[in-house]
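Visitor: Prediction below, plus the sequence it came from.
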Amino acid sequence: MIKKLIMALFVAIFSVSCQDESSMKDLSIQSETPDLIGDYHNEILKNFIVYYSQDVQSTGSNTSDFVQIMANYGVAVLKTYKNDPPSSNIDKWVEGVLNKSLDSTQLKIIEILGTGRSMSEAIEIVFGADKISPIVKSYLIELNRTIDQYKGTPSFQDKVNIIRARYYGSASQDDRTIITWTSILAKGSHEYWNQECNNWNPSLKGRFWDFGKRVLVADAIGGLEYILATKIGLIAGPISWKIGAAYAALNSVLAGVEDILLNTQSRSSITEETIKNISKEEIYKAYLKRKAELGIN
């Protein structure tokens, strides 16, 4: 792990040194290497399923279920970043992540993906056709095709690397960030679900990818959603890969937690309407309560 972190840091330093300073201003990304976005994404999911499975699950409304899901998600984010805090007050940072994750575009995207639409189609429906460049659109189409053809196979990682290399060289700095984030999240998500799906539901052994594709697609597109939502002002603040990792991890939870745990292929019952009357304060209080229940400081 230490070797991996050192190598990732070396790559990031070398990459930054080779880029024109003006181009770095296009996206206000934290200086830490985004190569770790997949690792942090996976760690959030690992923590989430531990806390969620220990919880006394609500049998009430979709609203109360969603609040409890978000509380466990918040604690999972806290645990993931606790030894590498992005802020001196990590609870307030987690509150910010929770607020960003209440952006309704996230559920819109997941609902659209649940109907079988592609990543590029979902982005264009929610954000508009002019919000991604032709090169990113072509890249997403090819990434979608790769997910369709190679999900659950040993060659998936290499196939994604090939696509990333094909488009990265001729892309703008902003588009390179999008290509980098989506490819790393796709690979990280694929690795996670291949290894961990049985920990969510042992009865899915050998069958996860029958319907797990939409979870992988939701993960991969999560970073792009977050970037676009931030750039057009739906989410406030500078773009941060650490928030991008958390945002994408919630995509997994919202796109698949019910399907995976209940072993169904139905679409999630959590919709935009579910969160319409939920306040940010209610979510944050639920997070603090769940944190106290688990004895996490």
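Guide: Nice, thanks for sending it over.
Visitor: in the stretch 51-200 of the chain, what spans have low per-residue confidence?
Guide: Applying pLDDT under 70 to the stretch 51-200 of the chain flags residues 57-61.
Visitor: Give me the three-state assignment for the residue lying closest to residue 51 once chain neighbours are set aside.
Guide: Take residue 51 and drop its neighbours on the chain: the residue closest to it by Cβ to Cβ, 6 or more residues apart in numbering is residue 72, 4.5 Å away. All C-beta atoms are positioned from the backbone trio N, CA, C, and that covers glycine. Recorded secondary structure, residue 72: helix (DSSP: H, G, I helix; E, B strand; the rest coil).
Visitor: gap between residue 72 and residue 256?
Guide: From residue 72 across to residue 256, the span is 15 Å (Cβ to Cβ, to the nearest Å).
Visitor: How far off centre is the biggest helix by length in the chain?
Guide: Using DSSP state H to define each element, the chain has its longest helix at helix 173-200. Chain-centre distance of helix 173-200: 8 Å, with Cα atoms, centre = their mean, to the nearest Å.
Visitor: How about stretch 217-229?
Guide: 7 Å.
Visitor: now stretch 214-221
Guide: 8 Å.
Visitor: Extract the C-alpha trace of that stretch and format it as CSV.
Guide: The C-alpha coordinates for stretch 214-221 follow below in CSV (Å, rounded to 0.1, in the frame of the first residue of the first chain):
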residue,chain,number,x,y,z
ARG,A,214,-26.1,-0.1,-13.5
VAL,A,215,-24.3,0.2,-10.2
LEU,A,216,-20.9,0.3,-12.0
VAL,A,217,-22.2,2.8,-14.5
ALA,A,218,-23.6,5.0,-11.7
ASP,A,219,-20.2,4.9,-10.0
ALA,A,220,-18.3,5.8,-13.1
ILE,A,221,-20.5,8.8,-13.9
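Visitor: Run through who's touching that stretch.
Guide: Contacts of stretch 214-221 from elsewhere in the structure, counted by Cβ atoms under 8 Å, 6 or more residues apart in numbering, are 41, 109-110, 113-114, 119, 122-123, 140, 143-144, 147, 151, 182-183, 185-186, 188-190, 193, 248-249, 251-252, 254-256, 259-260.
Visitor: Need the mean per-residue confidence for that stretch.
Guide: Average pLDDT, stretch 214-221: 90.
Visitor: Residue 78: how many residues sit nearby?
Guide: 23 (other Cβ atoms under 10 Å).
Visitor: same thing with residue 146?
Guide: Using other Cβ under 10 Å, residue 146 has 17 neighbouring residues.
Visitor: Apart from its neighbours in sequence, what residue is nearest it?
Guide: Counting by Cβ to Cβ, 6+ apart, residue 159 is the residue found nearest to residue 146 once chain neighbours are left out, at 4.9 Å.
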